[in-house]
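got a sequence here, can you model it:
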Amino acid sequence: MMGRRNVRFPHRSNGDQAQRSSFSEVSDGEITKSDGNQQDTSDAPALSDYEKKKQTFITRTIWTFVMIAGFFSAMFSGHIYLVAIVTAVQIISFKEVIAIANVPSKDRNLRFTKSLNWYFLATTMYFLYGESVIYYFKHILLVDRILLPFATHHRFLSFMLYVFGFVFFVATLQKGHYRFQFTQFAWTHMALYLIVVQAHFIMNNIFEGMIWFFLPASLVITNDIFAYVCGITFGRTQLIKLSPKKTVEGFIGAWICTIIFGYFMTNILMQYKYFICPVTDLGSNVVSGLECTPNPVFIPNTYTLPDWPFLPKTITVAPMQFHILVFATFASLIAPFGGFFASGLKRTFKIKDFGESIPGHGGITDRMDCQFIMGFFAYMYYHSFIALHKASVGDVIETAINGLTVEEQLEVVRGLGKYLYNQGVVTETALECITGELFRR
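Numbering: from 1, shown residues only. Predicted coordinates for the structure are as follows:
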């Protein structure tokens, strides 16, 4: 019996190594794979470093083209397909971030931990999606008898759903597990803010016009590509310790290249109403197209230049070309810090990737870490400096429903009927039918 103390069981050893560290057990050190799964490959022939890199490169390239094809197919198929992709990205990214905070062994039998995480996700998405639907499609919701109560009381309903989850969380606190349960509560809310809330604004950008979704996303991708190209070409000075391969030269070179790309890409996108028009019909696609009065930001203006040698006296350019300088600068100088933040998070938990959702690329979060903050910025910038704030049909209907009595609402209908008749839009017979029916009421 004493001689068996030094006997090792490889399958048990591997199983022990596969367990992830908890919050209290994490320390800086060697990075491991995010899923923590290890297989006994002692009998399999070891691949050389060259073969491993070759397989990784092939897999990564194939899935890169698959993602590009899927993205453009969804974009040209219609806005609703992009909304579906953003929704999937929200859910998968939330799942990946929550998963890296693995449950310590003593807390694995706690009930409702995972259920509460998903409940708070569902509640947050109900609130955010409801806000977007009400804002962009209130002219449809407010005239429906069934949907009207949900639209007018949406925020209160969302708040009560959250309160129920909060009360349930407090009610399920167990002695000896307080630290873990409160850590999970805080971790869940951080993931909701950094991922779900920011991704929600990306979805709003789609409704405002395809260009406000595609252009910011393409700027981040372009900046990432040129940061790599410029870095390996003439990069010498390390930029930040969190990402040792990032260089100052690559950072600046990518900024310049991104501005050039943004200028020419904007010129192309502005020519198509499918990209610059807000969505009015979720069934629209690149074939059916969209029609709208273009935002003045897309209409070229003539500007007078100072009377300096070698400069033309005037220049004609769309205001959007000035705005794209800001977008490209943010995508180059600020958005990468979303990636640095993700790198620091992964190092904290000693993982290489957030998951294995995309073969050869890691998890969805690994590809979207810069896109979240870029989409958030695009929404805020658009509504602060570009959007036209004017009354919509939905705004007028909302004001009439919430601010007028039934008699006053009927008077508005009569007045609009008379106005449309005087403008020759409706016939006298139609006016008599409208007013006659209203007076009988």
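
give the residue spans of this structure that score low on pLDDT.
Within the chain, the stretches with pLDDT under 70 are 1-47, 102-109, 360, 390-392, 437-441.

cutoff 50 now
1-42 (pLDDT under 50).

show me where it has strands.
238-240, 243-247, 301-304, 314-317 (DSSP state E).

let's have those strands in JSON lines, adding distance to residue 63 and mean neighbour count.
Any C-beta I mention is one placed from the backbone N, CA and C, and that applies to glycine too. Converted to JSON lines, the strands of the chain look like this (distance: least, C-beta to C-beta, whole Å; neighbours: other C-beta atoms under 10 Å):
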{"stretch": "strand 238-240", "distance to residue 63": "28", "mean neighbour count": "16"}
{"stretch": "strand 243-247", "distance to residue 63": "21", "mean neighbour count": "16"}
{"stretch": "strand 301-304", "distance to residue 63": "43", "mean neighbour count": "10"}
{"stretch": "strand 314-317", "distance to residue 63": "39", "mean neighbour count": "11"}
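
export those strands to TSV and tack on distance to residue 378?
Formatted as TSV, the strands of the chain follow (distance: least, C-beta to C-beta, whole Å):
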stretch	distance to residue 378
strand 238-240	24
strand 243-247	23
strand 301-304	22
strand 314-317	21
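
out of the ones you listed, the one nearest residue 367 is which?
Closest to residue 367 of the strands of the chain, according to C-beta to C-beta: strand 243-247, at 15.4 Å.

using PDB, write out every CA atom in that closest one.
In PDB, the C-alpha atoms belonging to strand 243-247 read as follows (Å, rounded to 0.1, in the frame of the first residue of the first chain):
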ATOM      1  CA  SER A 243      -0.200  43.600 -26.500                       C
ATOM      2  CA  PRO A 244       3.500  43.200 -27.000                       C
ATOM      3  CA  LYS A 245       3.300  42.900 -30.800                       C
ATOM      4  CA  LYS A 246       1.600  46.300 -31.200                       C
ATOM      5  CA  THR A 247       4.000  49.000 -32.300                       C
END
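
give me the residues contacting it.
227, 231, 235-240, 336, 339-340, 343 (C-beta atoms under 8 Å, 6 or more residues apart in numbering).

now do stretch 115-125
87, 90-91, 94, 98, 158, 161-162, 165, 168-169, 172, 184-185, 188-189, 192, 196-197, 200.

now list the buried members of the residues you listed.
90-91, 94, 98, 158, 161-162, 165, 169, 184-185, 188, 192, 196-197, 200 (16 or more other C-beta atoms under 10 Å).

what count of nearby residues applies to residue 78?
Counted with other C-beta atoms under 10 Å, the neighbours of residue 78 add up to 21.

list phi and psi for it.
Main-chain torsions, residue 78, degrees, to the nearest 10: phi 140, psi 160.

how much space between it and residue 287?
Residue 78 sits at a distance of 9 Å from residue 287 (criterion: C-beta to C-beta, to the nearest Å).

now swap in residue 151 and tell me
32 Å.

quick revisit: and of the strands of the chain, who's closest to residue 68?
strand 243-247 (23.7 Å).

quick revisit: which of residue 151 and residue 287 has more residues huddled nearby?
residue 151 (18 against 9).

pretty sure residue 90 contacts residue 195?
Yes. Between residue 90 and residue 195 there is a contact under C-beta atoms under 8 Å: 6.5 Å.

could you pull out the buried residues of stretch 217-234?
217-224, 226-227, 230-231.

restrict it to CA atoms and write it as PDB.
Presented in PDB, the C-alpha positions along stretch 217-234 are these (Å, rounded to 0.1, in the frame of the first residue of the first chain):
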ATOM      1  CA  ALA A 217     -17.300  48.200 -38.900                       C
ATOM      2  CA  SER A 218     -15.200  48.400 -42.100                       C
ATOM      3  CA  LEU A 219     -13.000  51.100 -40.600                       C
ATOM      4  CA  VAL A 220     -12.100  48.900 -37.600                       C
ATOM      5  CA  ILE A 221     -11.300  45.900 -39.800                       C
ATOM      6  CA  THR A 222      -9.200  48.000 -42.100                       C
ATOM      7  CA  ASN A 223      -7.300  49.600 -39.200                       C
ATOM      8  CA  ASP A 224      -6.600  46.100 -37.800                       C
ATOM      9  CA  ILE A 225      -5.200  44.900 -41.100                       C
ATOM     10  CA  PHE A 226      -3.000  47.900 -41.700                       C
ATOM     11  CA  ALA A 227      -1.800  47.900 -38.100                       C
ATOM     12  CA  TYR A 228      -0.500  44.400 -38.800                       C
ATOM     13  CA  VAL A 229       1.000  45.300 -42.200                       C
ATOM     14  CA  CYS A 230       2.600  48.500 -41.000                       C
ATOM     15  CA  GLY A 231       3.800  46.800 -37.800                       C
ATOM     16  CA  ILE A 232       5.700  43.900 -39.500                       C
ATOM     17  CA  THR A 233       7.000  46.300 -42.200                       C
ATOM     18  CA  PHE A 234       8.600  49.100 -40.100                       C
END
